[in-house]
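**Q** predicted model follows, preceded by the sequence.
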Amino acid sequence: MRAAFAAARAGLILAAVSAPLAAQSKAVEKAAATITAPDVTRRINIIADDSMMGRDTPSPGLEQTAAYIASQFKSFGLRPGGDSGGYLQRYPLVLRQLEAQRSFVEFSELNGQGTIVLPYTTSVRHWVGETKGTPITAGIVLVGGPPDPSKFPADSLLKGKFLVWLADWATAPKFGNAMIVKAMTAGMTGIIAISNRDTAEIAGDAAQASRVRVSRAGGDEEPGGVPLVVEVAQAAVIAQYPAAQATFDQLNSAAEMMVVPMADWEATVMAADTVLGTTTAPNVVGIVEGTDPVLKNEYVVFSAHMDHLGISVGTPDSIYNGADDDGSGTVGVLALAEAFGRKHAATRRSLIFLTVSGEEKGLWGSAYFASHPPVPIAQVVADLNMDMIGRNWTDTIAVIGPEYSSLGPTLTAVATAHPQLRMTPIGDQWPEERIFFRSDHYNFAKSGVPILFFTSGLHPDYHKPSDSPDKIEADKEARLLQLIFWIGQDVGNAPTKPTWNPGALEQVRQAQ
């Protein structure tokens, strides 16, 4: 009788334990199912609507977007993770006005035989970077032919030099970011793009040079920040120095990228500007507290950038809606926040839902968050970042970074466990573009946080007004977000936190 009673009692205890677990599992499945294509469509039509005015950093449209996201986080029951008990985290910016009349790009032959002076008023397009009225002079490494950053020489030969890139404007948008990243990681002074773009176009841009610009306070000048990047016209250089034509012809016709150190030449960039004042830009931060009394002090971040390129005045379609870049990722953060915020869907670890601004300017918002997090950065155990996830392959997603940490096997295991989602992870399809360094996860990785970066890659509408909401493949994105939800469940509930593979973190940091 005693044995029978003990067995019955054990059965009752097992049933009492398994019933809540089953109920919780069912609740998690229901939470995943709330991520739907109609919701993706509804939200992308809000985030990327013309009323958001392209979400430039800073701009009223960006503020409107941040307010909408904060209201959504509040409605989901997320705890505020921003400043002063709110959802917004603000970081400082500096407003500057270029003094074009005092600014120029100069190429000088060291033997005094040749000098080329290109004024900002007519011949220079200033893209990014500040010189604060102090001329910057450095040696030159000339690059031409089909762009291929992997063919650069050792960084020690490039450090402190200007990369003078003979750029074909038809391919420059595709490879420009890769060139900038290479210049950053090699410690180069900056990039002077000598492009084949029409001189009238560059002159038109130069005429707008005195518009007010914005930079992150202390940002562009920090080590590893975005270098100085300017553009001049090949024709303008040749007009002053006809002998350059033969060199340009040779490089333009090269079958592969050529790197030519120009020991007899140096370049000077003088970009004078006036500081007009300061402003701020927002990140939006919401938190779902973990269920475990110990593990809730560790955090998994879901991130995307909510900013885009704003408005291009004077064009028929002037608003850069940025539906895929990165309205799609922003919608992803919202969908995941809503799902994890449902009853019994939270994980043992706490979860941070983060939308940042300034990504298009140089990863500003995520850099600020990583250095000013609402919790110690050492307690952030993973970042799952989404940038451009709503286009291209229907059943495939490129995932950057799985080879660096234990998140790689987690990704594989979760995708295998959920074949119904029809979403196959693949590796980096564009290694020459160094995508690992080009979205907000990079600032987490530099800070020691293991990352996975989800992207569907570029398309013909990239950084154009035609990146519109109607082109988002909502069903594909919803299935991908459900996959990321299950990855978050795995990472959030695992008994141990993700770990870097041996030597991987050092490899990432050495590439800065």
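**A** On my side now, so go ahead.

**Q** state the pLDDT value of the closest residue to residue 123 other than its chain neighbours.
**A** Among residues not flanking residue 123 along the chain, residue 236 sits closest, at 4.7 Å (Cβ to Cβ, 6 or more residues apart in numbering). The C-beta positions use only the backbone N, C-alpha and C, and glycine is treated the same way. Looking at residue 236, its pLDDT stands at 93.

**Q** state the distance from residue 236 to residue 152.
**A** 26 Å (Cβ to Cβ, to the nearest Å).

**Q** pull the contacting residues for the residue nearest to residue 123.
**A** Neighbouring residues of residue 236 by Cβ atoms under 8 Å, 6 or more residues apart in numbering: 118, 123, 199, 202.

**Q** ok, now with 7 Å
**A** By Cβ atoms under 7 Å, 6 or more residues apart in numbering, the contact list for residue 236 reads 118, 123, 199.

**Q** so what touches the helix or strand harbouring residue 506?
**A** Using DSSP states H and E, residue 506 sits within helix 504-510. For helix 504-510, contacts defined as Cβ under 7 Å, 6+ apart pick out 404, 405, 445, 446, 448.

**Q** repeat the analysis, applying 8 Å as the threshold.
**A** Contacts for helix 504-510 (Cβ under 8 Å, 6+ apart): 403, 404, 405, 436, 445, 446, 448.

**Q** can you tell me the closest non-neighbouring residue to residue 364?
**A** Closest to residue 364 by Cβ to Cβ, 6+ apart is residue 358, at 2.8 Å.

**Q** quick revisit: quick one: buried residues of the helix holding residue 506?
**A** 504, 505, 508 (16 or more other Cβ atoms under 10 Å).

**Q** pull the CA atoms of the lengthiest strand in the chain into PDB?
**A** Longest strand in the chain, counting residues (DSSP state E): strand 273-288. Listed next in PDB are the C-alpha coordinates belonging to strand 273-288 (Å, rounded to 0.1, in the frame of the first residue of the first chain):
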ATOM      1  CA  ASP A 273      33.200  74.800 -41.400                       C
ATOM      2  CA  THR A 274      31.400  76.700 -38.700                       C
ATOM      3  CA  VAL A 275      29.700  75.000 -35.700                       C
ATOM      4  CA  LEU A 276      26.100  76.400 -35.600                       C
ATOM      5  CA  GLY A 277      25.000  74.600 -32.500                       C
ATOM      6  CA  THR A 278      24.000  71.200 -31.200                       C
ATOM      7  CA  THR A 279      21.000  68.900 -31.300                       C
ATOM      8  CA  THR A 280      20.200  65.300 -30.400                       C
ATOM      9  CA  ALA A 281      18.800  62.100 -32.100                       C
ATOM     10  CA  PRO A 282      16.900  59.200 -30.600                       C
ATOM     11  CA  ASN A 283      17.300  55.500 -30.100                       C
ATOM     12  CA  VAL A 284      14.200  53.600 -28.800                       C
ATOM     13  CA  VAL A 285      14.700  51.000 -26.000                       C
ATOM     14  CA  GLY A 286      12.200  48.600 -24.500                       C
ATOM     15  CA  ILE A 287      12.800  45.700 -22.200                       C
ATOM     16  CA  VAL A 288      11.000  42.400 -21.400                       C
END
